[in-house]
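> Turn this into a model:
(2 chains)
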Amino acid sequence: MENNAFYVALTLLLNLDASLFQIVALSLQVSLLAVLIAALLGFPLGAAVAIWRFPGRGGMTVVLNALMGLPPVVAGLVVYLLLSRAGPLGEWGLLFTPGAMILAQVVLVLPILAALSRQKVEELLGEYREQFVSLGMSSSRMMPTLLWDARFALLTVLLAGFGRASAEVGAVMMVGGNIDGVTRVMTTSIVLETGKGNLPLALGLGIVLLTLVMLINAGAYLVGELTRRRVG
Amino acid sequence: MTSFHVPQLASFILSPPPELCFADVTFSHEDKVLLGPCSFTLQGPGPTLVMGPNGAGKSLLLRLSHGLLFPTQGRITWSGEVCPRQAMVFQHPVLLRRSAVANLIHALAVNNVPRRARVKLAHDALERFGLTACCNTPARVLSGGEQQRLALARAWVLSPQVLFLDEPTSALDPAAIKAVEAAVQEFHQRGTRIVMTTHDLHQAKRLAGDILFLSGGKVREHTPAEIFFDRPVSREAQAYIAGELVE
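The predicted structure is shown next:
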């Protein structure tokens, strides 16, 4: 029975295992903060690329699209180099802290949010442009209107970003270091437990992680659907 | 197209509507001339109905006048020193994904109307166009007729001196058409210059003060409505009114 992953997952949850909750809390904290920061930067960036015509706009779109597939370890490496003692941001002393993990996940999630929101906003702008010009709106005034009117599509984009952040392990492992009680999150724990041969615990953690991601997605879907039905 | 302030709203109502002048205007796309060269001046009381077969350049003429497109050659000018306030109602109303009243408040906000004045102006306009009951209804779930009336209400709150309408009733049933035509008359009575395209001869007879008739990208005739319908000058207009197929 102790070797059954579901049993382990259930026991972990039912026993209100303190270290598990710490890990879960840190995982959520890091990923949600990273997605929030990436959204604050990425949505306006995506909208700006959609709205303004500037030299290099096509290139920027290609780069953003390509960076959606940025391997987490590469993002981790870049952030590691930036934050390491000898790096340009070394004096911040962020390496092997949750802050470094958030930064690494922002680097990963930002291109996804920017590229997908660019596409959604551009579609909407195609529909709205003449009306906007008719109303005498400047390009900068269009941005908040478009972002608000694309809110349902952007909620899905946000979830895609959160999925990427919560599922990745390479970047947080490199810049966080998987230090017990400090920077250990669900994915790095799973890697560690698998390495130690504690497969039931690794699987149990996996089940907890999956359940969590499902719950968050279900919540966002419900909120989105209910409002969408109201707004039409 | 310019920002405005509430105290100025009433000032234009007594003044005559601004005149629109096309001087040798041509619009080309990829070396193909789609409109013009055309020259005319809209200076009567109106409403001006722009008529002509499909592809004649009616919508193009409206978009050029409104500043959504720019002429390849020639000049489009308005009487007066500043460009008049304008609004346009499209064939398929473009409404934001928010409530009816929020659509109006947004239009007022982007035109720098003070925050405290917005809600009252918006509700007054909804009432005028019979939309009070739909105030909090999402604009996108309104019926086609209601959506078009909301688009007209949005134009109304901006107190335009010129209103362009691009086949506003082509997708509507008779009751909705009646409501839209009544709204257009309200604008006209307020002293707004109306420039509207339509395919419907009966509608043109009901509304028009003068007719601008286009075919093949050229203005064939610009005459008062009674002359246009009784004894049109151009051969193309004669054929169009007679119900012949005109290109």
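
> May I have the distance across stretch B:58-75, first residue to last?
Distance across stretch B:58-75, first residue to last, is 18 Å (C-alpha to C-alpha, to the nearest Å).

> in it, what's buried?
Going by neighbour count (16 or more other C-beta atoms under 10 Å in any protein chain shown), the buried part of stretch B:58-75 is B:58-66, B:68-69, B:71-72, B:74. Just so you know, the C-beta spots here come from the backbone N, C-alpha and C atoms, and that holds for glycine as well.

> Can you tell me which of the residues you listed are also in contact with chain A?
With the criterion set as C-beta under 8 Å from any C-beta of the partner chain, the members of the buried residues of stretch B:58-75 near chain A are B:Arg63, B:His66, B:Leu68.

> contacting residues for the first one?
With contacts taken as C-beta atoms under 8 Å, 6 or more residues apart in numbering or on different chains, B:Arg63 has the following neighbours: A:Glu130, B:Leu69.

> ok so, going back, reformat the ones next to chain A among the buried residues of stretch B:58-75 as a markdown table; add secondary structure and pLDDT.
Listed next are those as a markdown table, based on DSSP: H, G, I helix; E, B strand; the rest coil; pLDDT from 0 to 100:
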| residue | secondary structure | pLDDT |
| --- | --- | --- |
| B:Arg63 | helix | 95 |
| B:His66 | helix | 94 |
| B:Leu68 | coil | 94 |
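
> Show me what from chain B comes close to chain A.
Proximity of chain B to chain A, by C-beta under 8 Å from any C-beta, involves residues B:1-3, B:63, B:66-68, B:86-88, B:90, B:94, B:96-99, B:106-107, B:110-111, B:138-141, B:158.

> Give the bridge partners for the spatially most central residue of chain B, please.
Among the residues of chain B, the one closest to the centroid is B:Phe164, at 1.7 Å (C-alpha atoms, centre = their mean). With DSSP bridges as the criterion, B:Phe164 is bridged to B:Met88, B:Val195.

> That one contacts B:Gln91, correct?
No. B:Phe164 is beyond contact range of B:Gln91, at 11.5 Å (criterion: C-beta atoms under 8 Å).

> where does the residue nearest to the centre of chain B land on pLDDT?
Note on B:Phe164: pLDDT of 96.

> Which residues are in contact with it?
Taking C-beta under 8 Å, 6+ apart as the test, what B:Phe164 contacts is B:Leu62, B:Ser65, B:His66, B:Gln86, B:Ala87, B:Met88, B:Val89, B:Val195, B:Met196.

> Pull the number of nearby residues for the closest residue in space to the last one that isn't next to it in sequence.
Yep, that's B:Met196 we're talking about. Computed as C-beta to C-beta, 6 or more residues apart in numbering or on different chains, the closest residue to B:Met196 that is not its neighbour in sequence is B:Leu165, at 4.0 Å. Counted with other C-beta atoms under 10 Å in any protein chain shown, the neighbours of B:Leu165 add up to 29.

> So, low pLDDT: which residues of chain A?
Scanning chain A for pLDDT under 70 picks out A:1-3, A:232.

> For B:Pro47, see how far away the residue lying farthest from the centre of it is.
If you look at how far each residue of chain A sits from its centre, by C-alpha atoms, centre = their mean, the farthest one is A:Ser134, at 37.3 Å. Distance, A:Ser134 to B:Pro47, using C-beta to C-beta, to the nearest Å: 19 Å.

> With A:Thr97 instead?
Relative to B:Pro47, A:Thr97 is positioned 69 Å away (C-beta to C-beta).

> The two - which one has more neighbours?
Between A:Thr97 and B:Pro47, counted using other C-beta under 10 Å, the more crowded position is B:Pro47 (25 against 18).

> Tell me which residues touch the more buried one, please.
B:Val184, B:His188, B:Arg193, B:Ile194, B:Val195, B:Met196, B:Leu207, B:Ala208, B:Gly209.

> for A:Ile207, what are its contacts?
Applying C-beta under 8 Å, 6+ apart, we find A:Ile207 in contact with A:Ala5, A:Phe6, A:Ala9.

> again, but for A:Gln22
By C-beta under 8 Å, 6+ apart, A:Gln22 lies in contact with A:Gly181, A:Arg184.

> Just the element for it, please.
Using DSSP states H and E, A:Gln22 sits in helix A:18-51.

> A:Phe96 now?
With DSSP H and E as criterion, A:Phe96 is part of no helix or strand.

> Looks like it contacts A:Asn178 (just checking).
No. At 9.3 Å, A:Phe96 does not count as touching A:Asn178 under the criterion of C-beta under 8 Å.

> shared neighbours of these two, anything?
Counting by C-beta under 8 Å, 6+ apart, no residue touches both A:Phe96 and A:Asn178.

> how far off helix A:18-51 does the top helix by length along chain A point, in degrees?
Determined from DSSP state H, the single longest helix within chain A is helix A:98-134. Angle, helix A:98-134 to helix A:18-51, by axes from the mean of the first three to the mean of the last three C-alpha atoms, to 10 degrees: 30 degrees.

> Now helix A:98-134: buried residues?
Within helix A:98-134, the residues scored as buried using 16+ other C-beta under 10 Å are A:98-122, A:124-125, A:128, A:130-134.

> give me the subset of the residues you listed touching chain B.
Among the buried residues of helix A:98-134, the residues that sit close to chain B (C-beta under 8 Å from any C-beta) are A:Tyr128, A:Glu130, A:Gln131, A:Val133, A:Ser134.

> And those residues, which is closest to B:Glu236?
Ranked by distance to B:Glu236 (C-beta to C-beta), these are led by A:Glu130 at 28.6 Å.

> Was I right to think that closest one contacts B:Val94?
Yes. Between A:Glu130 and B:Val94 there is a contact at 7.0 Å, judged by C-beta under 8 Å.

> thinking again about what came up before, just the buried members of the residues of chain B next to chain A?
Counted by 16+ other C-beta under 10 Å, the residues of chain B next to chain A give B:1, B:63, B:66, B:68, B:86-88, B:90, B:94, B:96-99, B:106-107, B:110-111, B:138-139, B:158 as buried.

> Show me those that map onto helices.
Using DSSP H, the subset of those located in helices is B:Arg63, B:His66, B:His106, B:Ala107, B:Val110.

> Spatially, which two of the residues you listed are the most separated?
Within those, B:Arg63 and B:His106 form the most distant pair, 22.1 Å apart (C-beta to C-beta).

> Tally up the residues packed near B:Thr223, please.
Residue neighbour count, defined by other C-beta under 10 Å, stands at 18 for B:Thr223.

> Noted, bye for now.
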